[in-house]
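> mind folding the following:
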Amino acid sequence: MNVLTAAARKPWYREPWPWFLASLPATAVVAGLATVWIAATNSDGLVVGDYYKAGLAINQTLARDEAARAMQLLATLRETDGALSLSLTGDLPAWPEQLKLTLAHPTRPGMDQTLILHHAGAGQYRVPQPLMPAGKWHVQLVDPRGSWRLAGVLHTPFDPAATLAASPTPQPSQGD
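Residues are numbered from 1 along each chain as shown. Next up, the predicted model:
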């Protein structure tokens with residue numbers, strides 16, 4: 001071995017290629033740990049375990065929509081003076097003293113809210129406005145007995161007004 005060969009040779013850790021090759025699996029480990037962290041902190045909602053009961057609940061929901069359609073119920077939800085104001089019209093035998101309003105966020109179940117609206121006279125209902133981040137919300141209005149249901153979509157910050165109506169009757173497909 002001559003003097004020039006010994007001086008030109010560097011230790012392995014001073015070469016770029018071993019570090020490059022080691023960085024590939026290290027990057028995969030970091031990405032895997034990040035994926036595990038994301039999955040642990042942002043869990044999905046649970047899947048329904050009893051599909052038969054879920055099917056019966058769907059039939060009950062359809063009956064509530066049909067009852068709302070039969071009474072020609074329509075509600076308008078708006079924000080006024082730091083409160084949610086709801087105007088309900090239709091063929092009700094009597095105005096319920098309270099209504100249950102559910103605000104469901106489409107992607108974050110932890111942000112869902114249930115509010116009790118109090119009758120203010122002549123089909124008007126009010127409740128203090130909850131804290132609602134900007135975005136799209138699915139809204140459902142039901143009476144205290146759960147005999148009818150109105151549904152709609154609300155965009156916050158508030159549109160001028162959101163209309164809640166009975167869901168349309170599902171039509172059978174052409175292949176049925």
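
> only C-alpha atoms from now on, for both contacts and neighbour counts.
Noted.

> I'd like to know which elements the helix or strand hosting T163 is packed against.
Secondary structure assignment for T163, by DSSP states H and E: strand 162-165. Applying 3 or more CA pairs under 8 Å, 6 or more residues apart in numbering; DSSP states H and E, one finds that strand 162-165 makes contact with strand 74-80, strand 135-142, strand 149-156.

> give me the buried positions along the last one.
Within strand 149-156, the residues scored as buried using 16 or more other CA atoms under 10 Å are R149, L150, A151, G152, L154.

> I'd assumed L141 was in contact with the third one.
Yes - with contact defined as CA atoms under 8 Å, A151 and L141 form a contacting pair (6.3 Å).

> what do these two both touch?
Contact with both A151 and L141 is made by residues L164, according to CA atoms under 8 Å, 6 or more residues apart in numbering.

> coming back round to it: of the helices and strands packed on strand 162-165, which approaches G121 most closely?
Distances from G121 to each of these were compared using CA to CA; the shortest belongs to strand 74-80, at 14.5 Å.

> contacts for the closest one, please.
The contact list for strand 74-80 (CA under 8 Å, 6+ apart) reads 84-90, 129, 150, 158-166.

> show the buried residues in those residues.
Applying the neighbour count, that is 16+ other CA under 10 Å, the buried entries in the contacts of strand 74-80 are L84, S85, L86, S87, L88, T89, L150, A162, T163, L164, A165, A166.

> for the fourth one, give me phi and psi.
When you say that, I think you mean S87. Comment: the main-chain dihedrals of S87 come out as phi -110, psi 120, following degrees, to the nearest 10.

> quick check, pLDDT for the most centrally placed residue in the chain.
In the chain, the C-alpha nearest the mean C-alpha coordinate belongs to P106, at 2.1 Å (CA atoms, centre = their mean). P106 is assigned a pLDDT of 84 by the prediction.

> ok, it - contacts?
Residues counted as contacts of P106 (CA under 8 Å, 6+ apart) are K136, W137, H138.

> recalculate using a threshold of 7 Å.
P106 makes contact with W137, H138, according to CA atoms under 7 Å, 6 or more residues apart in numbering.

> tell me which helix or strand it sits in.
Counting by DSSP H and E, no helix or strand carries P106.

> roughly how far apart are it and T61?
Distance of P106 to T61, given as CA to CA, to the nearest Å: 19 Å.

> partners of the strand or helix carrying L103, with directions?
Take DSSP H and E as the rule and L103 turns out to sit in strand 98-104. Strand pairing for strand 98-104, determined by DSSP bridges: strand 113-121 (antiparallel), strand 135-142 (antiparallel).
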